[in-house]
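Sequence first, predicted coordinates after that:
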Amino acid sequence: MKKTALLLLFALFIFSCKSGSKTTGKSDKADVETHYRDDFRSADAKEKSTLLKDLKATQANYSVLIFTQNFKGEKIVVSNAAKKLYSNYVISNLKTGIADKTRIDNTADTKIFDNLTKTEIVLPAKETAKHKFIYVMKNTGGNSTFMVTYSNTLRPLQP
């Protein structure tokens, strides 16, 4: 009888222990899938210069952040160490695949915070300074939360 009670107590102890590697709740840092591409169809020079002038991003210390697919109205906040650069409710256009665009200062790390999922990604200054256009897509079906594509080629923003 003592052996059975000890065995039952031991089994209860083993099954009640939790693994230290499991985490509960959401992390505040998002997984990011990063790509570097310049091999897609580009917009013409007129569209590129118009976009850069409209966003006042013609200087080398500015890059253009373009939100693309799978944004469904969540609030997105873009900031760096100095100030908030952008805050808006972003909705992707199903026809063009573009949600919104903004200018960022590529001399400082840029943080993008998704208020719906409470996740944040960081675009390092050493990467943004090398690329004029940064495309951010919510990756709903993959292992990562966001897909970021660094490029020096502007994709056509109109169909």
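Nice, I can see it.

contacting residues around E33?
Applying CB atoms under 8 Å, 6 or more residues apart in numbering to E33 gives the contacts 139, 142-144, 146-148. Glycine gets a C-beta too; all of them are placed from N, C-alpha and C.

go with 6 Å
Neighbouring residues of E33 by CB atoms under 6 Å, 6 or more residues apart in numbering: 144, 147.

Quickly list what it is bridged to.
Beta-bridge pairing of E33 under DSSP bridges involves M147.

Please tell me how far it sits from Q59.
29 Å (CB to CB, to the nearest Å).

same thing with T117?
33 Å.

the more surrounded of these two?
Relative neighbour count places T117 above the other of T117 and Q59, with 14 against 10, counting by other CB atoms under 10 Å.

Show me the shaky parts of this structure.
Along the chain, the model assigns pLDDT under 70 to residues 1-30, 159.

Would you map the helices across it?
Here the chain has its helices, by DSSP state H, at 2-16, 45-54, 125-128.

Run the chain-centre distance for the second one.
Looking back up the chat, that one is helix 45-54. Distance of helix 45-54 from the chain centroid (CA atoms, centre = their mean, to the nearest Å) equals 24 Å.

Show me which residues of that helix are buried.
By neighbour count on 16 or more other CB atoms under 10 Å, the buried set for helix 45-54 is 48, 51-52.

Relative to Q158, which of those residues is nearest.
Minimum separation from Q158 among the buried residues of helix 45-54 (CB to CB) is found for L51, which lies at 10.8 Å.

Could you count how many residues lie near L55?
16.

my guess is it contacts I104, does it?
No. Under the criterion of CB atoms under 6 Å, L55 makes no contact with I104, lying 9.7 Å away.
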